[in-house]
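In: Please find the sequence and the predicted model below.
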Amino acid sequence: MFPEFTLRYARLPEHFFLRFDPVPVKAPRLVAFNRPLAEQLGFDLAAFDAQQAAEWFAGNAVPAGAEPLAQAYAGHQFGQFNPRLGDGRAVLLGEVTDRAGRLRDIQLKGAGMTPFSRGADGRAPLGPVLREYLVSEAMHGLGVPTTRALAAVTTGERVFRRVPEPGAVLTRIAASHLRVGTFQYFAARDDLEAVRTLAEMAIERHYPELQDRARGERYLALVAAVAERQAALVASWMGLGFIHGVMNTDNCSIAGETIDYGPCAFMEAYDPATVFSSIDEGGRYAYRNQPWIAQWNLARFAETLIPLIDDDQERAVARATELIKRYEPRYEAEWLAVMREKLGLVKEEEGDRALVEALLEAMQAGRADFTLAFRHLGEAVEDDAPALLELFENDEALKAWLPRWRERLAREDVGLEAIAERMRAVNPLYIPRNHRVEEALAAAAEDDFAPFDTLREVLADPCTEQPGREDFARPAPATAAVFRTFCGT
Ligand code: AMP
Ligand code: MG
């Protein structure tokens, strides 16, 4: 069933990882499987056997050709540097080449205690596994670069967090698991050769267009390329009201994918100060801080490459610093492009930024649901749509704004119906709303996976109206408790 492995990470020098077989679990059962993704990865599903698949995705059986390992990495967690994190509960089986010819990592998350576990249990509870499954696949459906979920199995064992919970293993697919923290691990040990090896691997796998650049230049160009992808990535998060929740440097992917869905959530009522994570007391990773945290992470990445950029270290620092500064206008441009699209604008005009900002202020003043406000805006290209006005506790600022926007729409090259249509294609109706996700996880904990499966289905096509599924578009009822995510993942 498994495609052939093309091992890369396992062929790096031994100090990049620790060889480690997943720890078998008591009673593996396949509870979710992503067929379209499996097909894309080159799995042969003709003789698909759920029990055999459960054994593989639980780590009870290791597929032929895999060489399981735990990757070494470091990371800044909430600004504090930890020189040794590493895969404490994840095992990389190896890489495969997918149907499009791209290398993809196959990783089991929750596969048991590794030498990087630092006293923790190496396991994952079912709730967080299904949450990552749902949200990462939703992000994919929304067109955001992300790791993917291939399978989820329950283990037949309990894991202990605040309360005992059913254990599970997630099979995660990524363009790679190279992180800023991977570079930091070796930089912290002054292992320049290892940093160079990682940089070369990153260029080969993710930025092949940099391959003929001269030494030195290529590492600076790598920082610039990673910065561009992060700028685009965070701009797309901002356009969806997505809050990652734990943007530590070990969760910042060199490939530019969203990775590590822990305490993440989508904002409902628009407030740029929104934080969900219970452990993010200072609001470091609040919605509005995300672009600047990504920049901070990129600066940490650049630091690891300084010795490779120029023999003259002062010059290397100056050049890298300049590059990191350039992230700001780059991000601003990406963000504006995302917001223009959401407002149905194709042309670029001087006043667009102010127009977007005024709408956001009106949304904040009206405590409007972020997702639905944009969705229903598309119905208001001509007249004030009731569904839009209803979302605002106070619609004064919105009513003043709408004529301004319509005046701007009149200067587009296409008619209002075409504008409304392109708005529907980019402003989702369905997002993984917290109360829906929680409901699906609660049912799954009682062994009812129907709500989880339905939610997966709804989120696979987020911009198309799905008759009978109106409820999935609605924000949490006003009576719902303030939503908090816990990092007990
Ligand atoms: P995360 O917060 O998921 O990004 O993880 C940060 C670090 O903690 C990584 O080194 C993880 O491998 C490790 N970690 C998180 N949860 C566990 C666990 N249950 N057992 C072992 N290590 C863990
Ligand atoms: Mg992590």
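Out: Structure received. Ligands and ions are numbered 1, 2, ... in the order given.
In: hey, let's count contacts and neighbours off CA atoms from now on
Out: Will do.
In: can you list the residues of this structure near ligand 1?
Out: For the chain, the residues found near ligand 1 under the criterion Cα under 6 Å from any ligand atom are Leu85, Gly86, Asp87, Gly88, Arg89, Ser117, Ala120, Asp121, Gly122, Arg123, Ala124, Asn251.
In: Any quick PyMOL command for the buried ones out of these?
Out: Here is the PyMOL command that selects only those of the residues of the chain next to ligand 1 that count as buried (16 or more other Cα atoms under 10 Å):
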select buried, resi 85+86+87+88+89+117+121+122+123+124+251
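In: Same list, the residues of the chain next to ligand 1, but as TSV with pLDDT please.
Out: As requested, the residues of the chain next to ligand 1 are exported to TSV (pLDDT from 0 to 100):
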residue	pLDDT
Leu85	98
Gly86	98
Asp87	98
Gly88	98
Arg89	98
Ser117	97
Ala120	96
Asp121	97
Gly122	97
Arg123	98
Ala124	98
Asn251	98
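In: In strands, which of the residues of the chain next to ligand 1 fall?
Out: Ala124 (DSSP state E).
In: Tell me which two of the residues of the chain next to ligand 1 sit farthest apart.
Out: Looking at the residues of the chain next to ligand 1 by Cα to Cα, the two members farthest from one another are Asp121 and Asn251, with 20.0 Å of separation.
In: which residues sit in contact with Arg330?
Out: Residues near Arg330 by Cα atoms under 8 Å, 6 or more residues apart in numbering: Glu228, Ala231.
In: Pretty sure it sits in a strand.
Out: No: Arg330: not assigned to a strand; according to DSSP: H, G, I helix; E, B strand; the rest coil it is helix.
In: Look up how far Val317 lies from it.
Out: According to Cα to Cα, to the nearest Å, Arg330 stands 20 Å off from Val317.
In: Equivalent analysis for Glu132, please.
Out: Taking Cα to Cα as the criterion, Glu132 is separated from Val317 by 38 Å.
In: So between the two, which is more surrounded?
Out: For Glu132 versus Val317, the count of surrounding residues by other Cα atoms under 10 Å is larger for Glu132: 24 against 18.
In: quick one, what contacts the residue nearest to Ile309 when sequence neighbours are not counted?
Out: Leaving aside its sequence neighbours, Ile309 sits nearest to Gly216 (Cα to Cα, 6 or more residues apart in numbering; 4.2 Å). With contact set as Cα under 8 Å, 6+ apart, Gly216 has these partners: Leu308, Ile309, Asp310.
In: How are the helices of the stretch 1-150 of the chain distributed by residue range?
Out: Counting by DSSP state H, counting those that start in this stretch, residue ranges of the helices within the stretch 1-150 of the chain are 35-41, 50-58, 126-141.
In: what's the answer for the stretch 151-300 of the chain, then?
Out: Assigned by DSSP H, counting those that start in this stretch, the helices in the stretch 151-300 of the chain fall at 180-187, 192-206, 217-240, 290-309.
In: Phe483 reaches Val275, doesn't it?
Out: No: using Cα atoms under 8 Å, Phe483 and Val275 do not qualify as a contacting pair, with a distance of 9.6 Å.
In: quick one, which of these two is more surrounded?
Out: More neighbours sit around Val275 than around the other of Phe483 and Val275, counting by other Cα under 10 Å; the figures are 27 against 15.
In: can I see the domain layout of the chain?
Out: 9-176, 181-341 (automatic domain parsing).
In: Without its sequence neighbours, what residue ends up closest to Val23?
Out: If you skip the residues right next to it in sequence, Val23 has Gly112 as its closest partner in space, 5.1 Å away by Cα to Cα, 6+ apart.
In: burial count for that neighbour?
Out: If you count neighbours by other Cα under 10 Å, Gly112 ends up with 25.
In: try Asp310
Out: The burial count for Asp310: 18, using other Cα under 10 Å.
In: got the contact list for it?
Out: Gly216, Ala316.
In: measure Leu389 to Glu95 for me?
Out: Shown here: Leu389 relative to Glu95, a distance of 50 Å by Cα to Cα.
In: Tell me how many other residues crowd whatever residue of the stretch 301-450 of the chain ends up closest to ligand 1.
Out: Closest contact between the stretch 301-450 of the chain and ligand 1, by Cα to the nearest ligand atom, is at Phe301 (17.0 Å). Around Phe301 there are 25 other residues, counting by other Cα under 10 Å.
In: now do Pro291
Out: Here the neighbour count serves as a burial measure; for Pro291 (other Cα under 10 Å) it reads 23.
In: Same check on Arg84?
Out: Arg84: 18 neighbours (other Cα under 10 Å).
In: Make sure it is actually in contact with Gly75.
Out: Yes: distance between Arg84 and Gly75: 7.5 Å, which falls inside the contact criterion (Cα under 8 Å).
In: hey, what's in contact with both of those two?
Out: The overlap between the contact sets of Arg84 and Gly75 (Cα under 8 Å, 6+ apart) consists of Tyr185.
In: does Phe452 really touch Ala444, like I thought?
Out: Yes: under the criterion of Cα under 8 Å, Phe452 makes contact with Ala444 at 7.1 Å.
In: Between these two, point out the one with more neighbours.
Out: Neighbour tally, Phe452 and Ala444, criterion other Cα under 10 Å: the higher count belongs to Phe452, 24 against 20.
In: Now do the more buried one, the pLDDT please.
Out: In this model, Phe452 is scored at 98, pLDDT.
In: Go ahead and report the secondary structure state at it.
Out: Secondary structure state of Phe452, per three-state DSSP, is helix.
In: Contact partners for it?
Out: If you count contacts by Cα under 8 Å, 6+ apart, Phe452 has them with Val437, Ala440, Leu441, Ala443, Ala444.
In: Point out where the stretch 351-489 of the chain drops to low pLDDT.
Out: Segments of the stretch 351-489 of the chain classed as low confidence (criterion: pLDDT under 70) are 479-482, 486-489.
In: Where do the helices of it begin and end?
Out: With DSSP H, counting those that start in this stretch as the criterion, the stretch 351-489 of the chain has helices at 352-366, 370-377, 386-389, 396-409, 416-426, 434-445, 450-459.
In: Just name the most buried of the ones you listed.
Out: Taking mean count of other Cα atoms under 10 Å as the contact definition, the stretch among the helices of the stretch 351-489 of the chain with the greatest mean neighbour count is helix 370-377, which reaches a mean of 24.
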